[in-house]
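> When you get a sec, could you give me coordinates for this:
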Amino acid sequence: MSEPTKSQLPPTATQIPAGVARPDIAEQVLEHFHQNAQAMDSVEGIARFWVGEKRDVVEQCLNELHARGLLAKRTIAGAEFFSLARAASVVSQEGRPEAPRSSGQSRVADPSIRGRLLIIDDDRTVRDMLVSVLSDAGYSVREAEDGERAIKLFRAAPYDIVLTDLKLPGVSGIEVLKAVKELSPSTEVIVITGHASLDTTLLALRHGAYDLLTKPFDEIQVLPSVVERALEKRNLSLDNQLLVESVQAANLELKETVARLAAVHEISRATIGLLDLNELYDSLVRLVGQHLKARRVSALVSEPDSDTMRVVASIGIKDKAISKQQVRVGEGIAGRVAASESPLLVTNIEQSELRDLSNRGGYATPSFICTPLMISFPSPYQRKRVGVINVSDKHSGEPFTEQDLEFLSTLASQVSVAIENARLVSETQGGYLTAMASMVRAIEDAKPKTRGHSRRVAELVAGVAEEMKLSEPRIQRLVQAAVLHEVGRVSAKQGKSSRKKKGQNLGEEWTTPAVVATEKILAPIASLQPVREIIFRSADTFESASLPGVSSKPQIPLESRILAVCEEFARLSPGNAKHPEKTHKALEAIRRQAGKKHDPDVVTALCRVLSKGGCGETTPRHSIPA
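Now for the predicted structure:
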């Protein structure tokens, strides 16, 4: 047995094709792909993390290897990805390429051979004659003397055309016909018989015979023409089958694409209108996990002009250390994806060079996908990094696909815009809040009696809300309401001070006119609607809001009840309550109103907060606008 030549062997990392501009880069790339056969990466990722060369140089080398059939290329979400090309044939132990086997659906590989034929007849003379005529016509012919051997030969390698005698020792010609059609429906069978009858003909045709020839052959020269027509019919049948399969595959791909686009539209519609960032992040990871059928999804986001990303939302991650971790751009798997600005698909982390980073990134399954959250601007090369999305652990246990990565990449571009919009709204709202808080503070600071009133109310409501176990978003909205609740009386005081008339002044009793004035001022700011609702309902008394005979629970929102209690306590103990006697009297006045004007549960919580803080001094953890 001769040794295979170098040209017969599959390409390896050391066999660099001639004509490549940078053989050193090509060698590194091919060596990496051969060591990580399942890997697929973008031009940016290969240039940055594999070879450490300029992107344009690496891209040229990758395209050269692709043109020579060594690498496969695919475009996903506008980025080019490269992977090791799959060989169309395998190499046998002798070094000869073998044709891929299938269930009889392959064509003749050698163009000089018109077709592969199997002739079955127990008469040696007839077999020799048929073999001679058809071989001279350019066909590759194999013969068998009985049906049993013929079926064994056909099982080993299906033939294009079968010519079989009807009467055979052991297994009959009809049984051979049935076996051939079962093994390879596209193979045409020509039945030969010396005793043709109508019943015999109908039986053969009923089981799929192409034609029936009688012996002795009057004109043996026409046999190649019969075989040629049968071969044409077979090829036409194969073409039709391939066309049907192609259309079916295209239809399936189209359905999957439409489903993915519908899912992207659904998630975009569900997230684009969300202005609360926490709610947006939670909806994002939940919907991505639902549509990709994944157990673990996490979103990491960086603040503007920051190289550190933090986990803002996740599902399926029980380790609190991982769910609260921070990742620097360029470090770890998520950091590399953020730095390269290209999505990543890993089918098996154990076969990837990234396996050493998997534990640090919290990847519990071999396959995962990670895509950057980026915003593209009309100007060329203007992109802004928002963060990354990680998805792993499919419910089915199967690896993620390129279609999954394409879906996530398309969705990421939509969600990035929603996140940026929510950020802008949050910044705008913060600007409104800060401006109005500054206006209130300036008016309050004009008199020692009212100095710091709104800020102290904000500190009190934060402490009481924490004591009553309110969620973080509810506490933050309540703090904003406390900061802004006096803005209506500021307006009323400014309008009446010029006429020297007595009006609603800061520090006076919190009444409905003052609440209405505040609500009117805040009404144009849509994002502050929840804050307006808290302020508006805070003027309602606890007793009047309860429904008679139904329940003692009031219909006033809890945040409004907390604001009403803390506002009155701060008004009755001005000057930041530095005097213990004033604080005690104010608290006793609040207690007397419990169950009437104020919610007794809120009054009890205020007492606990004051006892912990000492003389009304609290130190809340929540941000209070200056």
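
> Next, please give the residue ranges for the helices of the stretch 301-450 of the chain.
320-323, 332-340, 355-361, 402-444 (DSSP state H, counting those that start in this stretch).

> Just name the most buried of those helices.
helix 332-340 (a mean of 23; mean count of other CB atoms under 10 Å). Any C-beta I mention is one placed from the backbone N, CA and C, and that applies to glycine too.

> Now that one: average pLDDT?
Rounded to a whole number, the mean pLDDT of helix 332-340 is 86.

> And stretch 22-29, by the same measure?
Computed over stretch 22-29, the average pLDDT equals 86.

> Going by neighbour count, list what's buried in that stretch.
22, 25, 26, 27, 28, 29 (16 or more other CB atoms under 10 Å).

> want to try a markdown table for these, with secondary structure as columns?
Listed next are those as a markdown table, based on DSSP: H, G, I helix; E, B strand; the rest coil:
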| residue | secondary structure |
| --- | --- |
| 22 | coil |
| 25 | helix |
| 26 | helix |
| 27 | helix |
| 28 | helix |
| 29 | helix |
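
> Figure out which of the helices of the stretch 301-450 of the chain is closest to residue 56.
Smallest distance to residue 56 across the helices of the stretch 301-450 of the chain (CB to CB): 15.3 Å, for helix 332-340.

> Can you tell me the closest non-neighbouring residue to residue 366?
Of all residues not flanking residue 366 in the chain, residue 348 sits nearest, at 4.6 Å (CB to CB, 6 or more residues apart in numbering).

> looking at it, the one you found is touching residue 367, isn't it?
Yes. Contact between residue 348 and residue 367 holds when scored by CB atoms under 8 Å: they sit 6.4 Å apart.

> what is in contact with those two at once?
residue 399 (CB atoms under 8 Å, 6 or more residues apart in numbering).

> Mean pLDDT lowest where, among the helices of the stretch 301-450 of the chain?
Among those, helix 355-361 scores lowest, with a mean of 58.

> Tell me if I'm right that residue 374 and residue 386 touch.
Yes. With contact defined as CB under 8 Å, residue 374 and residue 386 form a contacting pair (6.6 Å).

> Looking at those two, which is more packed in?
More crowded of residue 374 and residue 386, by other CB atoms under 10 Å: residue 386, with 25 against 18.

> show me what contacts that one?
301, 302, 372, 373, 374, 375, 416, 419, 420.

> and which of these is nearest residue 237?
Using CB to CB, the contacts of residue 386 come closest to residue 237 at residue 372, 48.8 Å.

> per-residue confidence at that closest one?
Reported pLDDT for residue 372: 89.

> can you tell me how far it sits from residue 75?
Distance, residue 372 to residue 75, using CB to CB, to the nearest Å: 17 Å.

> Looking at those two, which has the bigger crowd around it?
residue 372 (24 against 9).

> Bridge partners for that one, pull those for me.
residue 388 (DSSP bridges).

> wait, what's in contact with it?
With CB under 8 Å, 6+ apart, residue 372 has these contacts: 337, 338, 340, 341, 342, 343, 385, 386, 387, 388, 412.

> pretty sure residue 186 contacts residue 242?
No. Residue 186 lies out of contact with residue 242 (CB under 8 Å); the separation is 10.5 Å.

> what's the weakest-modelled helix or strand in this structure?
strand 90-91 (a mean of 32; mean pLDDT, DSSP states H and E).

> okay, residue 348 and residue 367: which has more neighbours?
More crowded of residue 348 and residue 367, by other CB under 10 Å: residue 367, with 21 against 15.

> could you check the distance from the closest residue to residue 354 other than its chain neighbours over to residue 125?
Closest residue in space to residue 354, ignoring its immediate chain neighbours: residue 333 at 5.7 Å, by CB to CB, 6+ apart. To residue 125, residue 333 is 73 Å away according to CB to CB.

> what's the angle between the lengthiest helix in the chain and helix 402-444?
Assignment by DSSP state H gives helix 223-272 as the longest helix of the chain. Here helix 223-272 points in a direction 10 degrees away from that of helix 402-444 (axes from the mean of the first three to the mean of the last three CA atoms, to 10 degrees).

> by contact count, what packs against helix 223-272?
helix 124-136, strand 161-165, strand 188-193, strand 211-214, helix 277-292, helix 402-444 (3 or more CB pairs under 8 Å, 6 or more residues apart in numbering; DSSP states H and E).

> one more time with 7 Å, if that's ok
Counting contacts by 3 or more CB pairs under 7 Å, 6 or more residues apart in numbering; DSSP states H and E, helix 223-272 packs against helix 124-136, strand 161-165, strand 188-193, helix 277-292, helix 402-444.

> Distance-wise, check the residue nearest the centre of the chain relative to residue 329.
Central residue of the chain (CA atoms, centre = their mean): residue 408, 3.3 Å from the mean position. Counting by CB to CB, the gap from residue 408 to residue 329 is 19 Å.

> Okay, now the unreliable bits of the stretch 201-350 of the chain?
270-275, 319-324 (pLDDT under 70).

> swap that for the stretch 51-200 of the chain, sorry
For the stretch 51-200 of the chain (pLDDT under 70), the answer is 76-78, 86-113, 196.

> Just the helices from it, written as ranges.
Taking DSSP H, counting those that start in this stretch as the criterion, the stretch 51-200 of the chain carries its helices at 55-67, 124-136, 147-156, 173-183, 198-206.

> Give me the residues contacting the third one.
For helix 147-156, contacts defined as CB atoms under 7 Å, 6 or more residues apart in numbering pick out 118, 120, 142, 144, 164, 168, 170-173, 175-176, 179-180, 183.

> Okay, buried residues for it please.
147, 150, 151, 153, 154.

> Residue 55 contacts residue 45, doesn't it?
No. The pair residue 55 and residue 45 fails to qualify as a contact (CB atoms under 7 Å) at a distance of 10.2 Å.

> what about the two, which has more around it?
residue 45 (23 against 13).

> That one contacts residue 340, doesn't it?
Yes. Contact criterion CB under 7 Å: residue 45 and residue 340 qualify, at 4.8 Å.

> quick revisit: make TSV out of the contacts of residue 386 and add distance to residue 283.
Output for these, formatted as TSV (distance: CB to CB, whole Å):
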residue	distance to residue 283
301	14
302	20
372	19
373	14
374	20
375	19
416	14
419	11
420	16
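
> nearest to residue 219, of these?
Residue 219 has its nearest neighbour among the contacts of residue 386 in residue 372, at 73.9 Å by CB to CB.

> and residue 609, what helix or strand is that in?
Assigned by DSSP states H and E, residue 609 belongs to helix 600-613.

> Could you list the low-pLDDT ranges of the stretch 451-600 of the chain?
489-512, 544-554, 574-578.

> try 90 this time
451-459, 467, 469-561, 563-600 (pLDDT under 90).

> nearest residue to residue 118 other than its sequence neighbours?
Nearest non-adjacent residue to residue 118 (CB to CB, 6+ apart): residue 159, at 4.2 Å.
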